[in-house]
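1. sequence first, predicted coordinates after that:
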Amino acid sequence: MEVLHNLAFGFSHALTMQNLLFCAIGCTVGTFVGLLPGLGPLATISLLLPLTYSIPTGGALIMLAGIYYGAQYGDSVSAITMKIPHASSIVACIDGYAMTLKGKTGLALFTAGVSSFIGGTVAIVVLSLFAPMLGEVAFLFGPADYCALMLVGFVCVSFVTTGSLINGLAMCLIGVLLGQIGTDVNSGVPRFTFDLPFLAEGVGLVSIALGCFGIAEITKNLDNRDERTPFNGTINLIPTWAEFKRIIPSALRGSVIGSFLGILPGGGPVIAQFAAYAVDKKFSKYKDEIGSGAIEGVAGQAAADEAAARTSFIPLMSIGIPENAVMALMMAAFVIKGIQPGPNMIAGHPDLFWGLVASMWVGNCFLLILNVPLVRYWLSVFKIPYAVLFPSILFFCCIGTFSVNNNLDDIFITAVFGFIGYMFMRLDLDAAPLMLGFILGPMLEENFRRAMLLSRGSFGAFFTRPISGTLLSLIALFVLWQLVSFFLQARKGGKALEPAVAHEE
Amino acid sequence: MNDRNLLRGLFLIVVSLGFGLGSLRYSIGQFSHAGPGLFPLMVSCLLLVIGVVSVVRSRFVDPEHMTFNFRNIAIILGSLASFALVSEFVNVTAGIVAMVFLSAFSATTYSVARNIKISIGLFLVALAFHKLLGLNLVLY
């Protein structure tokens, strides 16, 4: 009953005219930018984050959340119609695009839209029930436990996003080191600032995000010189009753899987959609058709994708630790707006928390309206030549950087990170773990120093406390498994030493 | 030498040494009372280990060729710099024009008419940001 009361309270905030407008703008702009080639949710949020600076806190968070799941949705449209995959839509490319080749684009888009709606709805129920509960568990966490939890996040994100633990961990560590630039809050000593005044407060998050994702992505696309063929097929959106009935069980399965995997560290949409697809392939009534353009191949993964996108807010809002790079960026947005996500957020800002949860369902409805009937208009985005798009994206990068401090010099820092991001790309180093490391770095240092102070310099606290001991044991087991599998493969003389896990972005 | 795996390892080593040696300039302190240099030093050491492992690992896997197109990245960075400089010394409108005309060199085709249209479109977007969101842009 309390949950219902809280949700009603949330809806009273989310359904104000102003917040409805922000939610609608977020979903629309997110879907639009998410459709553009090379721009996944992470790049979309980076690009649009500065637009929320002049908006009231509640509206800004609702708009950002709308941008996030709007971008996820936009991704699935581009994956189904043109096989342009992003992190959140890799699996949609398989059966979704196969359906397009069969002339069933409309059905695939309808399936993705309805399944995402179901997934999002289930996830909101999970979020409403579990976030406050997990928030109470978070009070049991000490500094050592927080450190261990962040390290688990690093390991999981490194593996899931890059497929190579050492490359991902390296990027996390580089992110942590970049987070060290600026004044040390404990001693007041400026670190790695080279006596440059603008570095005293550290490197701007927006500069790193836009440089590593926006600029680097544009340059990669220009290097590839891809000429994309616009989608010109016909779209018939109305399914038969028999087809509609096939969507529901698969979408419900995907919703449950996505809701669960979204909560785990390192989890989120990428891993959830693969898991849902695998489960459908094993247990669906039409499992033999999956892979060649089946409704189940689209429904399950779309529901899981959307559900995980929403439940990944749970660790952020209840413990205060983001579990993937997108959530790290969301956390930065919360902090910029003066809200510290964590166990105190629900009690301290119930209007923001429950308003955001309720707005997710409102956003779900907007997306259903936006994507299902209006999808043919969205597809006209693909008719814009890249020669027109990329100067526009560059302009948004410039405006985004400038708007943080009203300082044109910050654009030079973005340019430097654009070059660094391009180098990362060429060296096959994924920038997503770097963002997580950069945002969590200062928090990791603070908790590490506090834990060491409390234990009088002994590392024992990390192993004797039940939570941190368990989490560190999990890391040790995972690293051991990676080492053993590497040596076993090396002994077999296999050339494929990298684990075959999807690359993000 | 042009092996992506090897270059990646060397890059990580360079970054770790840069931050690691830099952190030695600050007080390290003790674990119980850490100085400002301790944490970055620890992280740099970990990164150094990963860098060395990457270099060693590159000897056991097939080399991958790394491509680096200096032209496009140079044009893109140049166009960003031109936007910042021209906006600083003239105004944002001129900055948009400079950025669009310069960045267009990295596209497959170059069209002055197209660049003018893009510039006008972006000017209108900037005007909307200025008027509606209150962004402090000196447009004219």
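-> Looks like it came in fine.

2. need phi/psi at residue A:190.
-> Dihedral angles of residue A:190 (phi, psi; degrees, to the nearest 10) stand at phi -70, psi 130.

3. for the lowest-mean-pLDDT helix or strand in chain A, name the packing helices and strands.
-> When each helix and strand of chain A is scored by mean pLDDT, DSSP states H and E, helix A:375-378 comes last, with a mean of 74. Using 3 or more C-beta pairs under 8 Å, 6 or more residues apart in numbering or on different chains; DSSP states H and E as the contact criterion, the neighbours of helix A:375-378 among helices and strands are helix A:17-35, helix A:57-82. For every residue, glycine as well, the C-beta is placed using N, CA and C.

4. can you redo those as TSV with distance to residue A:121?
-> As requested, those are exported to TSV (distance: least, C-beta to C-beta, whole Å):
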stretch	distance to residue A:121
helix A:17-35	15
helix A:57-82	12
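
5. check contacts around residue A:445.
-> Residues counted as contacts of residue A:445 (C-beta atoms under 8 Å, 6 or more residues apart in numbering or on different chains) are A:176, A:179-180, B:39.

6. domains in chain B, by residue range?
-> According to the domain assignment given by automatic domain parsing, chain B is divided into the following structural domains: B:4-58, B:70-132.

7. determine the number of other residues adjacent to the residue of the stretch 401-505 of chain A found nearest chain B.
-> Taking C-beta to the nearest C-beta as the measure, the point where the stretch 401-505 of chain A comes nearest chain B is residue A:457, at 3.4 Å. Other residues within reach of residue A:457, judged by other C-beta atoms under 10 Å in any protein chain shown, total 15.

8. list the contacts for it?
-> For residue A:457, the contacting residues are B:30-33, by C-beta under 8 Å, 6+ apart.

9. how is it assigned, secondary-structure-wise?
-> For residue A:457, the assignment made with DSSP: H, G, I helix; E, B strand; the rest coil gives coil.

10. distance of it from residue A:451?
-> Computed with C-beta to C-beta, to the nearest Å, the distance linking residue A:457 and residue A:451 is 10 Å.

11. same question for residue A:310.
-> Taken as C-beta to C-beta, the span from residue A:310 to residue A:451 is 32 Å.

12. kindly report the same for residue A:460.
-> Taking C-beta to C-beta, one finds residue A:460 at 10 Å from residue A:451.

13. between the two, which one's more packed in?
-> Taking neighbours as other C-beta under 10 Å, residue A:460 and residue A:451 compare with residue A:451 leading, 23 against 11.

14. buried stuff in the helix or strand where the more buried one lies?
-> Counting by DSSP states H and E, the element that carries residue A:451 is helix A:432-454. Buried residues in helix A:432-454, counted by 16 or more other C-beta atoms under 10 Å in any protein chain shown: A:432-452.

15. give me the outermost residue of chain B relative to its centroid.
-> Largest separation from the mean C-alpha position in chain B: residue B:32, at 36.9 Å (C-alpha atoms, centre = their mean).

16. in chain B, which residue is closest to the centre?
-> Centroid-nearest residue in chain B, with C-alpha atoms, centre = their mean: residue B:77, separated by 8.5 Å.

17. quick one: low-confidence parts of chain B?
-> Low-confidence segments of chain B, defined by pLDDT under 70, are located at B:1, B:133.

18. picking up where we left off before, does the next helix or strand after the least confident helix or strand of chain A reach chain B?
-> Reading on from helix A:375-378 to the C-terminus, the next helix or strand found by DSSP H and E is helix A:386-405. Yes: residues of helix A:386-405 contacting chain B under C-beta under 8 Å from any C-beta of the partner chain: A:386-388, A:390-392, A:394-395, A:397-399, A:402-403.

19. in chain A, what spans have low per-residue confidence?
-> Under the criterion of pLDDT under 70, the regions of chain A flagged as low confidence span A:1, A:37-39, A:83-90, A:161-163, A:225-235, A:265-267, A:382, A:493-505.

20. OK, contacts around residue A:398?
-> If a contact means C-beta under 8 Å, 6+ apart, then residue A:398 has A:411, A:414, B:80, B:83-84, B:95, B:99 as its contacts.

21. how close does it get to residue B:96?
-> When distance is defined by C-beta to C-beta, residue A:398 is 9 Å away from residue B:96.

22. what's the overlap in contacts for those two?
-> Among the neighbours of residue A:398, those also in contact with residue B:96 (C-beta under 8 Å, 6+ apart) are residue B:83.

23. now the residue lying closest to residue B:94 once chain neighbours are set aside, what are its backbone angles?
-> When the adjacent residues along the chain are set aside, residue B:94 lies closest to residue B:86, with 5.0 Å between them (C-beta to C-beta, 6 or more residues apart in numbering or on different chains). For residue B:86, the backbone dihedrals (degrees, to the nearest 10) come out as phi -70, psi -40.

24. can you tell me which residue sits nearest the middle of chain A?
-> Nearest residue to the geometric centre of chain A (C-alpha atoms, centre = their mean): residue A:326, 3.3 Å.

25. next helix or strand past the helix or strand that that residue is a member of?
-> The secondary structure element spanning residue A:326 is helix A:325-336 (assigned by DSSP H and E). Under the assignment DSSP H and E, the closest C-terminal helix or strand after helix A:325-336 is helix A:343-348.

26. tell me how far that next one lies from the chain's centre.
-> Relative to the chain's own centre, helix A:343-348 is displaced by 23 Å; criterion: C-alpha atoms, centre = their mean, to the nearest Å.

27. buried residues of it, list them for me.
-> So helix A:343-348, judged by 16+ other C-beta under 10 Å, has buried residues A:343, A:345-346.

28. so which elements touch the next helix or strand after that helix?
-> From helix A:343-348 onward toward the C-terminus, using DSSP H and E, the following helix or strand is helix A:350-371. Using 3+ C-beta pairs under 8 Å, 6+ apart as the contact criterion, the secondary-structure elements in contact with helix A:350-371 are helix A:2-14, helix A:17-35, helix A:57-82, helix A:105-138, helix A:313-318, helix A:343-348.

29. the first one versus helix A:350-371: what angle between them?
-> Here helix A:2-14 runs at 70 degrees with respect to helix A:350-371, directions being taken by axes from the mean of the first three to the mean of the last three C-alpha atoms, to 10 degrees.

30. which other helices and strands does helix A:2-14 contact?
-> Packing contacts for helix A:2-14, counted by 3+ C-beta pairs under 8 Å, 6+ apart, involve helix A:17-35, helix A:105-138, helix A:350-371.

31. and the one helix or strand residue A:247 maps to with helix A:325-336, angle?
-> Residue A:247 belongs to helix A:241-263 when elements are defined using DSSP H and E. Taking the same axes, to 10 degrees, one finds helix A:241-263 and helix A:325-336 inclined to each other by 60 degrees.

32. picking that back up, show the contacting residues for the residue nearest to residue B:94.
-> B:94-95, B:97-99.

33. please apply the same query to residue A:120.
-> A:69, A:306-307, A:309-310, A:360-361, A:363-364, A:367.

34. for it, give its distance to residue A:262.
-> 11 Å.

35. residue A:461 and residue A:448 touch, don't they?
-> No: under the criterion of C-beta atoms under 8 Å, residue A:461 makes no contact with residue A:448, lying 10.5 Å away.

36. residue A:208: how many residues sit nearby?
-> As a burial measure, residue A:208 scores 25 neighbours (other C-beta under 10 Å).
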